[in-house]
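>>> What shape does this take:
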Amino acid sequence: MTSDAATATSTTRTTPPPEGPDPGQEPPALGLGVSLPPADARAKTEGTFPYAADLWAEGLLWAAVLRSPHPHARILSIDTTAAVGMPGVHAVVTHEDIPGDGSYGRRVVDRPVFATDLVRHHGEAIAAVAADHPDTARLAAAAIAVEYEVLEPVTDPEKAFAAEPLHPDGNLIRHIPLRYGDPDTVGEVIVEGLYRIGRQDPAPIGAEAGLAVPRPDGGVELYTASTDPHTDRDLAAACFGLDPERVKVVVTGVPGATGDREDPGFQIPLGLLALRTGCPVKLAATREESFLGHAHRHPTLLRYRHHADGEGRLVKVEAQILLDAGAYADSSSESLAAAVAFACGPYVVPHAFIEGWAVRTNNPPSGHVRGEGAMQVCAAYEGQMDKLAAKLGIDPVELRLRNALSTGDILPTSQTVTCPAPVAELLGELRDFPLPALPKDAPEDDWLLPGGLEGAGEPGAVRRGVGYALGMVHMLGAEGADEVSTATVRVHDGVATVICAAVETGQGFTTLARQIVQETLGVEEVHVAAVDTDQPPAGPATHGRHTWVSGGAIERAAKMVRTQLLQPLAHKFGMSTELLQIADGKITSYDGVLSTTVSEAMDGKELWATAQCRPHPTEPLDESGQGDAFVGLAFCAVRAVVDVDIELGSVRVVEMAVAQDVGRILNPSQLATRIEAGVTQGIGAALTENLRTARGVIRHPDLTGYALPTALDAPDIRIVKLIEERDVVAPFGAKPASAAPVVTSPAAVASAVRAATGRPVNRLPIRPQAAVATPRP
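Okay, here's the model as predicted:
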């Protein structure tokens, strides 16, 4: 795919798996811009790739965790006598057995490893057991007698402001009042809306698992699918009462991650048990334990008021945004900052007044999930744009085009958009792209009614709707986060090795690392070393940061090696290294005098270099919500086509068309896959995914009660346009790929259902009763 692609790509592919090279064919292209397949693709396809759940060690013990059945309760007593006395049980640990700091948190240290005097959410850890068999460990955990005084849970975030404090830090985690422009400005036309976004779970393909192995020096090694190993190491060490150097985190295969994987609440009990028993200890969480233990997307309540002039140009946006953080802070502050900063969307708004809060409740914990903050507000502001278009009698696409943001405009945070912002072009591409055929234009057996092939729907009750949405996300961390990564590139005997603690979470980073070195050094065989905390830190795998900072560090290190390689040749031929180029494994000079291979130039030498990459600094939002808080921005436009049974309220997504601002295409195949995955996750948020609770207790914490989209739910996904306008401050000029469609797709689906039914659709996921059309007189 290229930026001027005139046709769309589909999710349906017939590409065969890679095979060995044909002697009669040209060698495969190397470097950036080609679809280099992942090195581990075959192992993952064949089921031989080692994940954390596959780990084993001699003398292995199994762990189980006792979790609270109540969302809010006072712990009166914990009796472990029965568990300790069971045959095969080697250790039982509670909060009294933690030698170090008893609390942890990747962003705010406010969450106990084990509940002490209070339980603050359903599924909170109370104790952990190590036994010689997993069934024994679970039976022993169940045998621990805990006496509770059940308390009334606070589950409504609006009531959290006046409720008794649920935590020593209080119920309010953060309040951001954004003030931009004149508060007395009033538009000719005003529309209001109330929106609710549900609790989406990251639902990774593989549930949490890990192995802790004690070390002879009194330390411990943790083998987990961590996405931020150095932070996890430091948190664990503090809880173990050890220096960080005595705790090592080794990253195993990561079975998918769309948020923070391997919550430290899974890792720390493992390490405690290994230190207590002196034996390796393994934990493989069930899906229920996974739902109970890790963080989810913030449920959000949003109130909006949009002001516009008679031509539909936005004058002022007022909004109140309330994030339900659950029991602990986690990433709520960062999520709220994104929600408030992007509350007006990718539109020019001269006056904006936004109030944002994140509060504690006794609901399940919320945290980082792809597109956090931005997804929730996108659903709301795009709902407002649809309302405004309807009230003014303006085409919804035209209304959006009249207000589209572009490079040089100013966000409501007073930050100038310096990166490419081709918002209007993205939307224009979708408007001009042909719509899919109506059911009556296709053979009946090719058309699935909403509800499925054998569903109860009637063709006469089906209405088609087309909806549009624009979304935006920020790149890297925000508000002063130190985004730095370190990488080493080593070349010997024609083989390059990359050492960087950037975790491959399925985003394709290890493939990109290989391509960067191939591009820079012309070396075909490139290996990426396994990640552990003996390496310098590279930071978390979020917001496309590894493409930017870790990829940038690898490029710089590779260029330093390139200079070491070329300098002797340049000196020999009396020319600058800038006059030499490396391509397809060959070194040539600008005038053709020099021509040799990289392997010949290496001549058995070992070359290596280490480099760092750190983007330009950002700053926290001030007391009025102002500041240059973001390194860069990425934009996406999505058009959804849906069929709705207006009698049953069932919805079938027919097609999703995407136009995206990608900066530069580094690997076409990986990019398309990332976009398609993001769209599918967005469809789940729009229609099916909601981790429901009853008075704080999770209902049906399994993949039967929590409905993920399947292959049968995935529509045709058409990638209509990928705009390659490079961000000059980003290494390679690339932008993150998957978060933007996650953010934008739910709003597009909701817009399409509105068009089909005439209903407001102000809640995600869309419930059937919200998609039943108002009866016509």
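
>>> could you say what helices and strands the longest helix anywhere in the chain packs with?
Longest helix in the chain, counting residues (DSSP state H): helix 551-573. Helix 551-573 is packed against strand 485-492, strand 495-500, helix 509-521, strand 580-583, strand 586-589, helix 598-602, strand 606-613, with contacts defined by 3 or more CB pairs under 8 Å, 6 or more residues apart in numbering; DSSP states H and E. C-beta here means a position set from N, CA and C on the backbone, and glycine is covered the same way.

>>> quick one, which of the ones you listed is nearest to Val397?
Closest to Val397 of the helices and strands packed on helix 551-573, according to CB to CB: helix 509-521, at 34.7 Å.

>>> Beyond the closest one, next helix or strand please.
Next along the chain after helix 509-521, taking DSSP states H and E as the criterion, comes strand 525-528.

>>> ok, and what's touching that next one?
Residues outside strand 525-528 that contact it (CB atoms under 8 Å, 6 or more residues apart in numbering): 39, 494-498, 500, 504, 510, 513-514, 517-518.

>>> of the residues you listed, closest to Val473?
Glu504 (21.1 Å).

>>> Tell me the spacing between the closest residue to the closest one other than its chain neighbours and Ala553.
Spatial nearest neighbour of Glu504, excluding adjacent residues (CB to CB, 6 or more residues apart in numbering): Thr510 at 4.5 Å. According to CB to CB, to the nearest Å, Thr510 stands 14 Å off from Ala553.

>>> How about Thr488?
From Thr488 to Ala553 the distance is 9 Å (CB to CB).

>>> list residues touching both of these two?
What both Thr488 and Ala553 touch, as defined by CB under 8 Å, 6+ apart, is the set Cys500.

>>> Of the two, give the one with the bigger neighbour count.
Ala553 (30 against 19; other CB atoms under 10 Å).

>>> Verify the stated contact: that one with Pro615.
No. If you go by CB atoms under 8 Å, Ala553 and Pro615 don't touch, sitting 11.2 Å apart.

>>> Quick check: neighbours shared by these two?
Residues touching both Ala553 and Pro615 (CB under 8 Å, 6+ apart): there are none.

>>> Mind putting the helices and strands packed on helix 551-573 into JSON lines with distance to His298 and mean pLDDT?
Shown next, in JSON lines, are these (distance: least, CB to CB, whole Å; pLDDT from 0 to 100):
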{"stretch": "strand 485-492", "distance to His298": "27", "mean pLDDT": "95"}
{"stretch": "strand 495-500", "distance to His298": "31", "mean pLDDT": "95"}
{"stretch": "helix 509-521", "distance to His298": "26", "mean pLDDT": "93"}
{"stretch": "strand 580-583", "distance to His298": "48", "mean pLDDT": "83"}
{"stretch": "strand 586-589", "distance to His298": "53", "mean pLDDT": "84"}
{"stretch": "helix 598-602", "distance to His298": "50", "mean pLDDT": "82"}
{"stretch": "strand 606-613", "distance to His298": "30", "mean pLDDT": "94"}
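
>>> Which of the ones you listed sits closest to Ala131?
helix 509-521 (36.4 Å).

>>> so the closest one versus strand 606-613, what angle?
120 degrees (axes from the mean of the first three to the mean of the last three CA atoms, to 10 degrees).

>>> helices or strands next to helix 509-521 in the packing?
Packing partners of helix 509-521 (3+ CB pairs under 8 Å, 6+ apart): strand 485-492, strand 495-500, strand 525-528, helix 551-573.

>>> Kindly recompute the last result at 7 Å.
strand 495-500, strand 525-528, helix 551-573 (3 or more CB pairs under 7 Å, 6 or more residues apart in numbering; DSSP states H and E).

>>> Turn the ones you listed into JSON lines, columns for distance to Leu172.
Putting the helices and strands packed on helix 509-521 into JSON lines (distance: least, CB to CB, whole Å) gives the following:
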{"stretch": "strand 495-500", "distance to Leu172": "39"}
{"stretch": "strand 525-528", "distance to Leu172": "43"}
{"stretch": "helix 551-573", "distance to Leu172": "38"}
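
>>> Of all those, which one comes closest to Leu438?
For these, distance to Leu438 was read as CB to CB. The smallest value, 44.4 Å, belongs to helix 551-573.

>>> in the stretch 201-350 of the chain, which spans are helices?
229-240, 264-277, 287-293, 332-341 (DSSP state H, counting those that start in this stretch).

>>> what about those, which gets the closest to Lys572?
helix 229-240 (42.9 Å).

>>> Specify the angle between the closest one and helix 264-277 in degrees.
50 degrees.

>>> and Val108, that one's in a helix?
No. Assigned with DSSP: H, G, I helix; E, B strand; the rest coil, Val108 falls outside any helix and is coil.

>>> Let me see the confidence value for it.
Looking at Val108, its pLDDT reads 88.

>>> ditto for the one 10 residues further on
The model reports Leu118 with a pLDDT of 96.

>>> That one against Arg74, yeah?
Yes. At 6.0 Å, Leu118 counts as touching Arg74 under the criterion of CB atoms under 7 Å.

>>> Look at those two and report which has more neighbours.
Set Leu118 next to Arg74 and count neighbours by other CB under 10 Å: Leu118 wins out with 18 against 14.

>>> Tally up the residues packed near Lys559, please.
Counted with other CB under 10 Å, Lys559 comes out at 16.

>>> ok, the residue nearest to it when sequence neighbours are not counted - contacts?
Leaving out its chain neighbours, the residue that sits closest to Lys559 by CB to CB, 6+ apart is Thr520, at 5.9 Å. Counting by CB atoms under 7 Å, 6 or more residues apart in numbering, Thr520 makes contact with Glu555, Ala558, Lys559, Arg562.

>>> measure the third one to Glu334 for me?
Taking CB to CB as the measure, Lys559 falls 33 Å from Glu334.

>>> what's the answer for the first one, then?
Separation of Glu555 from Glu334 (CB to CB) stands at 27 Å.

>>> Count the neighbours of the closest residue to Gln769 other than its chain neighbours for me.
Distances taken as CB to CB, 6+ apart place Gly649 nearest to Gln769, at 5.8 Å, with adjacent residues excluded. Gly649: 20 surrounding residues under other CB under 10 Å.

>>> Name the member of the contacts of Thr520 that has the highest neighbour count.
That'd be Ala558 among those, by other CB under 10 Å, with 26 neighbours.

>>> For Ala91, report the pLDDT, please.
Reported pLDDT for Ala91: 97.

>>> what about the chain, any weak spots by pLDDT?
1-29, 100, 259-262, 439-448, 452-457, 774-777 (pLDDT under 70).

>>> Need the residue closest to the centroid of it.
Arg370 (2.6 Å; CA atoms, centre = their mean).

>>> Contact partners for that residue?
Counted by CB under 7 Å, 6+ apart, Arg370 has contacts Thr258, Gly259, Gln681, Ser738, Ala739, Val742.

>>> What is the most widely separated pair among those residues?
That would be Gly259 and Ser738, which, of those, are the farthest apart (CB to CB) at 12.0 Å.

>>> circling back to that earlier point, the helices of the stretch 201-350 of the chain: which one's closest to His571?
Using CB to CB, the helices of the stretch 201-350 of the chain put helix 229-240 closest to His571, at 40.1 Å.

>>> What lies in contact with that closest one?
98-102, 104, 106, 113, 220, 222, 226, 243-244, 246-247, 249, 251, 264, 267-268, 271-272, 275, 501, 503, 531-533, 537, 540.

>>> Stretch 338-347 too?
Contact partners of stretch 338-347, identified using CB under 7 Å, 6+ apart, comprise 176, 178, 314, 317, 319, 321, 323, 352, 354, 356, 372-374, 376-378, 381-382, 403-405, 411-413, 423, 470, 472, 474, 625, 629, 635.

>>> same deal with stretch 112-127?
Against stretch 112-127 from outside (CB under 7 Å, 6+ apart): 65-68, 70-75, 78, 80, 92-95, 98, 102-104, 141, 144, 146, 166-167, 239, 265, 268-269, 292-293, 326-327, 362-365, 696-698.
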